[in-house]
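**Q** sequence-free structure coming up:
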């Protein structure tokens, strides 16, 4: 797959085939991911690949915590303005694709649970970093995750980057025995995309360049 094609075709996959992803394939994807940009070559990413029984236990634990309304641990900001507008638009796109009506609380709850089950993917890749680095090197983690998502496509895999995967940190620490010095940052659901799953066809909108780019210098560059 050409790089340009991969970038344009990448999307969040929320429905996966019941097909195992081999360790060899995952290792190849991770080798490509680790070639990401890294300030001072810190390579701050710490990765936990979860499959099988441990993944099922984590998913069940997440859903249980969700159902009893356990407080989540999140560093996300509450969106407003244009950011909230974009969030609403993609939410409407997904609900339309999945035929979830605004007033259908049962279907909405089921959709939320699906996210906490890592979208029933066969693999969840948990990306962590050391507490000592604080937030200074989260940019590097973003580069690593982007590389991973693009690299996965070379092997016919799809991904969905999700913060829901790290909302219940206590469960992650319990089932994965995470070292205390590691901070869970984000999870990536990964597997072979289900071509018949409606939400997988959703393509999110992107702004026109003039809405976020400022140009400086020679007019001849136009």
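**A** Thanks, I have the structure now. Remember, it's a predicted structure, so these values are computed and weren't measured experimentally.
**Q** Residue 129 belongs to a strand?
**A** Yes - the assignment for residue 129 by DSSP: H, G, I helix; E, B strand; the rest coil puts it in a strand.
**Q** Tell me, how many residues neighbour it?
**A** Neighbour count for residue 129, taken as other CB atoms under 10 Å: 23. C-betas here are computed from N, CA, C, even on glycine.
**Q** With adjacent residues omitted, what lies nearest to it?
**A** residue 44 (4.8 Å; CB to CB, 6 or more residues apart in numbering).
**Q** Please tell me how far the one you found sits from residue 161.
**A** 17 Å (CB to CB, to the nearest Å).
**Q** mind checking the SS state of residue 49?
**A** Secondary structure state of residue 49, per three-state DSSP, is strand.
**Q** re earlier: more crowded one of residue 44 and residue 161?
**A** Set side by side, residue 44 and residue 161 show more neighbours around residue 44, with 21 against 18, by other CB under 10 Å.
**Q** so is that one in a helix, a strand, or just coil?
**A** coil.
**Q** Report the contact partners of it.
**A** 38, 129-130, 133, 137, 140-141 (CB atoms under 8 Å, 6 or more residues apart in numbering).
**Q** Next one: it from residue 141, what distance?
**A** Distance from residue 44 to residue 141, by CB to CB: 6 Å.
**Q** Now list whatever residues contact both of these two.
**A** residue 129.
**Q** Tell me, please, where in the protein the pLDDT is lower than the cut-off.
**A** 219-222 (pLDDT under 70).
**Q** tell me the secondary structure for the residue nearest the centre of it?
**A** The chain has residue 161 as the residue nearest its centroid, 0.5 Å off, counting by CA atoms, centre = their mean. Assigned by three-state DSSP, the conformation of residue 161 is strand.
**Q** residues in contact with the nearest residue to it once chain neighbours are set aside?
**A** Of all residues not flanking residue 161 in the chain, residue 188 sits nearest, at 5.4 Å (CB to CB, 6+ apart). By CB under 8 Å, 6+ apart, the residues touching residue 188 are 124-127, 145, 148-149, 159-162, 165.
**Q** So residue 188: helix, strand or coil?
**A** Residue 188 is classified as strand under three-state DSSP.
**Q** how much space between it and residue 19?
**A** Plainly put, residue 188 is 17 Å away from residue 19 if you go by CB to CB.
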